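# Need a 3D model of the sequence below.
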Amino acid sequence: TQSAPTALLVAAALLASSLMTSGALALHALYRGRGARWLRGAIALALSWLLATAMLGALLAAALSGHMTLPQDRLVDVHAATGLLGWVLLLMASVGCVTMPMFQGTRPVPGHVLWAWLLLATLGLLVGAMLRLSGSTFALAAAVATPALLLTAASLGLQWHARHRRNRALTLSWPCGTIAIAAACILLLTAPFNGAGHRDVL
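Next up is the predicted model:
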């Protein structure tokens, strides 16, 4: 029916606007906050990618509803990569720099080290997204997997050399999640050699 595309577009607009409103308010709070500058800046960068993810989702909804003509398969990959790497992993790395020393007894991560990784991930995602929109598939997969693998290696290394072993369940749960992320990255990078397309993985 003709109402289905319109309903999809309205639902997408409502979801995107709510995400963008909450993200904008959070960015304003971070700007006005008094915590460590490097941490507030890192979380703000992750929130910026959340806003980009919301906008890409709205574009996809417009394409699916027939209101715009866009390469949907490429845009789906960029949307997924933006949400997973730009929003989720950047936020996880930023918050983890505080929570890992606090709850797991690891050494603190210097702010400049975190920001070097954040810039690497951001530049890689931008370049990978542009190449994916132009037709390439592996570039975006590598742009997502490379910083994610660096993050997992650093996280596991910090946990392995933790000075104070604390709650066992907490200590074990984080490495399990980290290893799962690394396994997903390896699957993403090896998908072309296993006969699977990156669109099926992202």
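# To which secondary structure element is W49 assigned?
Per DSSP states H and E, W49 falls inside helix 37-64.
# do you know how far L45 is from V127?
Distance, L45 to V127, using C-beta to C-beta, to the nearest Å: 17 Å. Where C-beta positions appear, they are placed from N, C-alpha and C, glycine not excepted.
# Check the chain for its longest helix and report it.
In the chain, taking DSSP state H as the definition, the longest helix is helix 3-32.
# mind listing what's buried in that helix?
Judged by neighbour count (16 or more other C-beta atoms under 10 Å), helix 3-32 contains these buried residues: L8, L9, A12, A16, L19, M20, G23, A26, L27, L30.
# With stretch 61-69 instead?
A61, A62, A63, L64, S65.
# Could you quantify the relative orientation of the longest helix of the chain and helix 37-64 as an angle?
170 degrees (axes from the mean of the first three to the mean of the last three C-alpha atoms, to 10 degrees).
# Chain neighbours aside, what residue packs nearest to Q72?
Sequence neighbours aside, A63 is the residue nearest to Q72 in space, at 5.3 Å (criterion: C-beta to C-beta, 6 or more residues apart in numbering).
# hmm, I was thinking of L133
R74 (5.3 Å).
# What lies in contact with the helix or strand hosting L126?
Using DSSP H and E, L126 maps to helix 111-133. Residues outside helix 111-133 that contact it (C-beta atoms under 8 Å, 6 or more residues apart in numbering) are 36, 38-39, 41-42, 45, 49, 71, 74-75, 77-78, 81-82, 85-86, 89-90, 93-94, 97, 139-144, 146-147, 150-151, 154.
# The same query, at a cut-off of 7 Å, please.
38, 42, 45, 74, 77-78, 81-82, 85-86, 90, 93-94, 97, 139-140, 142-144, 146-147, 150-151 (C-beta atoms under 7 Å, 6 or more residues apart in numbering).
# Quick one, which of those residues are buried?
By neighbour count, with 16+ other C-beta under 10 Å, these hold 38, 42, 45, 74, 77-78, 81-82, 85-86, 90, 93-94, 97, 139-140, 142-144, 146-147, 151 as buried.
# between the buried residues of stretch 61-69, which is closest to S173?
The shortest approach to S173 among the buried residues of stretch 61-69 belongs to A61, at 35.2 Å (C-beta to C-beta).
# what's the closest non-adjacent residue to that closest one?
Spatial nearest neighbour of A61, excluding adjacent residues (C-beta to C-beta, 6+ apart): A12 at 3.1 Å.
# No more questions from me, cheers.
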